[in-house]
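>>> quick one: sequence and predicted model below, then my questions.
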Amino acid sequence: MHCVAILVLDDVVPFDMAAPMQAFDWTRLPDGRRPYRVRLCAESPEVRTEGLALRIDRGLEALESADTIIVPGRSEEHGPPSERVLAALRRAAGAGTRIASVCVGAFVLAEAGLLDGLRATTHWIAAAELARRHPRVEVQPDVLYVDNGQILTSAGAAAGLDMCLHMIRRDLGSAVAAHAARMCVVPLEREGGQAQFIVHERPPVPRGSDLEPLLEWMEDNLGGEVTLGAMAARAGMSERTFSRRFREQTGTTPLQWLLRARVRRAQYLLENGDHSVERIARQAGFGSPTAFRERFRRVVGTTPYAYRAAFHGKPAAPAARA
């Protein structure tokens, strides 16, 4: 039987903890047997969170016998996890244990150094902070989950459930995973690369950054041709120095920042107007409708037409009179 250990830290997010418990507890083999044994473990016997006090029977030693470790999200108010927790995760990773995080649990894995050099995701609202604190992590803020093989990360609680179903499918096949999904009353079809459907209103940059005037100029000129050379010249730097400084301050490259700003402009136009996709492509600076459709789908995870159908804000029709 495969042992799944859920590491419960102080101020754990209950929903982030419940998602993997539900997914693995509901899994059954065709003959009715349970393939997973779920265990909660913690550094101390009692863990407190908002409105709850949890008694945990197993300590960190339970991680040593686990086949999979799940790290749910937790509040940042308690600061980084203890060195005992980080060391236990490093030992488990060194032994080949599969380790996954839900939502901002990715910060714990990053603190342990388990995400260095890897792709990772977290809730979109925390993605910029994860990239800022851990520049060696390739943060992908717009996907539901990322599977690196031994190490996995997911966005919010719902995406954590998607990730767990993905692991079940990887372990036991699609039929078993589909049954687990039905028991959890969720679809199995949401793949990891599907977008969170969130792009920041303004791609993040630290307040007071010397890049702010340049970023404002970039946003004012989204409809035109903004090249790396033009950005570097305006910043008074070489392209190489500018690219390095830009990534240090924003957690992404200049061209990726520009792409997300253009996508956000396109999202706004799709949500609030009735212009054609061809016109929106020009207004947002994509050059051609074909390039617009391809890049919009890559960032948002759906087509401009489907996005407009889902999010276009139209006034409700008046009620019919009797």
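Noted; the coordinates are in hand. Residues are numbered from 1 along each chain as shown.

>>> which pLDDT value goes with residue 64?
Each residue has a pLDDT score; the one for residue 64 is 92.

>>> contacting residues for it?
91, 92, 95 (CB atoms under 8 Å, 6 or more residues apart in numbering). Placement of C-beta: from N, CA and C, glycine included.

>>> got it, and residue 3?
Neighbouring residues of residue 3 by CB under 8 Å, 6+ apart: 36, 37, 39, 65, 66, 67, 68.

>>> buried residues of the helix or strand residue 129 falls within, list them for me.
Counting by DSSP states H and E, the element that carries residue 129 is helix 127-133. By 16 or more other CB atoms under 10 Å, the buried positions in helix 127-133 come out as 127, 128, 129, 130, 131.

>>> all strands of the stretch 101-250 of the chain, in order?
Per DSSP state E, counting those that start in this stretch, the stretch 101-250 of the chain carries strands over the ranges 119-120, 138-139, 145-147, 151-154.

>>> nearest to residue 244, out of these?
Checking the strands of the stretch 101-250 of the chain against residue 244 by CB to CB gives strand 138-139 as the closest, at 15.8 Å.

>>> given that closest one, what are its sheet partners and their directions?
Strands that pair with strand 138-139, judged by DSSP bridges, come out as strand 119-120 (parallel).

>>> could you list the low-confidence segments of the stretch 201-322 of the chain?
Counting by pLDDT under 70, the ranges of the stretch 201-322 of the chain that qualify are 201-209, 310-322.

>>> can you give me the helices for it?
For the stretch 201-322 of the chain, the helices defined by DSSP state H, counting those that start in this stretch cover 212-220, 228-235, 239-250, 254-272, 277-283, 289-300, 304-311.

>>> now render those helices as CSV, adding mean neighbour count and distance to residue 166.
Putting these into CSV (neighbours: other CB atoms under 10 Å; distance: least, CB to CB, whole Å) gives the following:
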stretch, mean neighbour count, distance to residue 166
helix 212-220, 15, 36
helix 228-235, 16, 36
helix 239-250, 16, 30
helix 254-272, 20, 26
helix 277-283, 17, 32
helix 289-300, 17, 20
helix 304-311, 15, 23
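
>>> start to end distance for stretch 125-140?
As for stretch 125-140, its first-to-last residue distance stands at 12 Å under the measure CA to CA, to the nearest Å.
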